[in-house]
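Asks: One predicted model, sequence on top.
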Amino acid sequence: MKIQGSVAIVTGAASGIGSAVSTALATRGIQGLVLVDRSDAVAETAEQFQRENPDCECLALTGDVTDPAFRRDAHDQATAKLGLPRILVPAAGITRDRLSVKVDRESGKADVYPLEQFRLVTEVNLIAPIYWAFELIRGVAEDRWKQGLKRWKPDEGMQGAIIFIGSVSSQGNRGQVSYSATKAGLAGAESALTKEAMFYGVRCGVIHPGFTDTPMVRAMGEDYIGEHILPATQLGRLIQPEEIADAICFMISNSAVTGELWADAGWHPAA
């Protein structure tokens with residue numbers, strides 16, 4: 001898939017991996033860039049990208065990625081103002097870490113992980129990315145129908161690329177039952193969806209970053225990072241968001257790359 005001259009949508013674009021991916025796409029000649037985030041800071045991010053990359057037209061949209069109406073409107077606005085989106089990186093994500101069962105030391109009663117928290121993590125990390133992917137595929141499918149095109153043929157060139165953001169925690173990580181489940185689920189969704197989306201010439205993939213220097217990881221605390229994360233990595237440091245962004249651009253632009261890519265710096269969940 002050619003990045004140069006295309007239109008891309010990135011969710012969670014105001015910080016972390018989403019911001020780094022947006023920058024990487026802009027520097028690689030993306031024609032239109034839709035930055036989506038629940039934070040109003042995404043408007044400032046878009047303005048900065050526009051100043052630094054005058055040939056890239058940016059559109060900032062603030063909203064909840066789990067909202068179906070917002071999702072559809074975002075895609076329609078992108079198409080009307082920038083052109084049909086053909087690249088998607090749904091990077092918005094949250095954690096609600098906690099042990100699945102905790103026993104109170106005084107009462108001896110066990111408290112289980114709150115259902116509403118599990119549902120929230122699932123909505124943001126699993127369901128939302130998949131439905132943003134559906135939206136991109138819908139746009140490509142309808143565009144092909146208007147042109148009288150049916151099954152995609154290799155000589156047409158790739159028509160789209162979707163890269164989901166998984167995690168090394170998809171292998172299972174203590175205290176991250178909800179997060180781990182959603183990231184593992186993305187791998188299954190990618191595997192199934194890519195078999196369908198290729199009918200329209202759209203490729204799907206999932207990258208599994210290790211612990212990356214983002215606000216989400218920094219929130220764990222320097223002591224935890226220094227004691228439990230850094231000693232178990234080959235690099236001895238947190239991965240930089242720009243390193244993950246570079247790998248994502250590689251997955252987008254190299255059509256021979258399929259399935260899952262691990263960018264974990266050698267870290268694996270402890271038993």
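Replies: Arrived safely.

Asks: and the residue positioned nearest the centre of the chain, what are its phi and psi?
Replies: Among the residues of the chain, the one closest to the centroid is Ala91, at 2.7 Å (CA atoms, centre = their mean). Dihedral angles of Ala91 (phi, psi; degrees, to the nearest 10) stand at phi -100, psi -10.

Asks: There's contact between it and Ile9 in this structure, I believe.
Replies: No. The pair Ala91 / Ile9 is not scored as a contact, 10.2 Å apart, by CB atoms under 8 Å. (C-beta placed from N, C-alpha, C; glycine too.)

Asks: and the residue nearest to the centre of the chain, what does it touch?
Replies: Val10, Thr11, Gly12, Ala13, Gly16, Ile17, Gly18, Val21, Ile165 (CB atoms under 8 Å, 6 or more residues apart in numbering).

Asks: Quick one, grab the pLDDT at the fourth one.
Replies: Read it as Ala13. Listed pLDDT for Ala13 reads 95.

Asks: That one - how many residues pack around it?
Replies: Neighbourhood size, Ala13 [other CB atoms under 10 Å]: 31.

Asks: And what about it, helix, strand or coil?
Replies: Here Ala13 is recorded as coil under DSSP: H, G, I helix; E, B strand; the rest coil.

Asks: what's the answer for the first one, then?
Replies: Under three-state DSSP, the three-state class of Val10 is strand.

Asks: Name the residues linked to it by a beta bridge.
Replies: Applying DSSP bridges to Val10 gives these bridge partners: Leu35, Val89.

Asks: Can you give me the pLDDT of it?
Replies: So, for Val10, pLDDT stands at 98.

Asks: Could you do the fifth one as well?
Replies: Per-residue pLDDT puts Gly16 at 93.

Asks: which residues touch it?
Replies: By CB under 8 Å, 6+ apart, the neighbours of Gly16 are Ala91, Thr212, Thr214, Pro215, Met216, Pro241.

Asks: Can you check those residues and name whichever has the most neighbours?
Replies: Ala91 (29 neighbours).

Asks: Alpha carbons of stretch 215-234, as PDB, please.
Replies: The C-alpha trace of stretch 215-234 is given here as PDB (Å, rounded to 0.1, in the frame of the first residue of the first chain):
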ATOM      1  CA  PRO A 215       1.600   8.100  29.100                       C
ATOM      2  CA  MET A 216      -0.200   4.800  29.700                       C
ATOM      3  CA  VAL A 217       3.000   3.000  30.600                       C
ATOM      4  CA  ARG A 218       4.500   5.900  32.500                       C
ATOM      5  CA  ALA A 219       1.400   5.800  34.700                       C
ATOM      6  CA  MET A 220       2.600   2.500  36.100                       C
ATOM      7  CA  GLY A 221       5.300   4.400  38.000                       C
ATOM      8  CA  GLU A 222       9.000   4.600  37.600                       C
ATOM      9  CA  ASP A 223       9.600   2.100  40.400                       C
ATOM     10  CA  TYR A 224       7.400  -0.600  38.700                       C
ATOM     11  CA  ILE A 225       9.000   0.100  35.300                       C
ATOM     12  CA  GLY A 226      12.500  -0.100  36.700                       C
ATOM     13  CA  GLU A 227      11.900  -3.300  38.700                       C
ATOM     14  CA  HIS A 228       9.500  -5.400  36.600                       C
ATOM     15  CA  ILE A 229       9.900  -4.200  33.000                       C
ATOM     16  CA  LEU A 230      13.300  -2.900  32.100                       C
ATOM     17  CA  PRO A 231      15.300  -5.900  33.500                       C
ATOM     18  CA  ALA A 232      13.300  -8.200  31.300                       C
ATOM     19  CA  THR A 233      14.000  -6.400  28.000                       C
ATOM     20  CA  GLN A 234      16.900  -6.900  25.700                       C
END
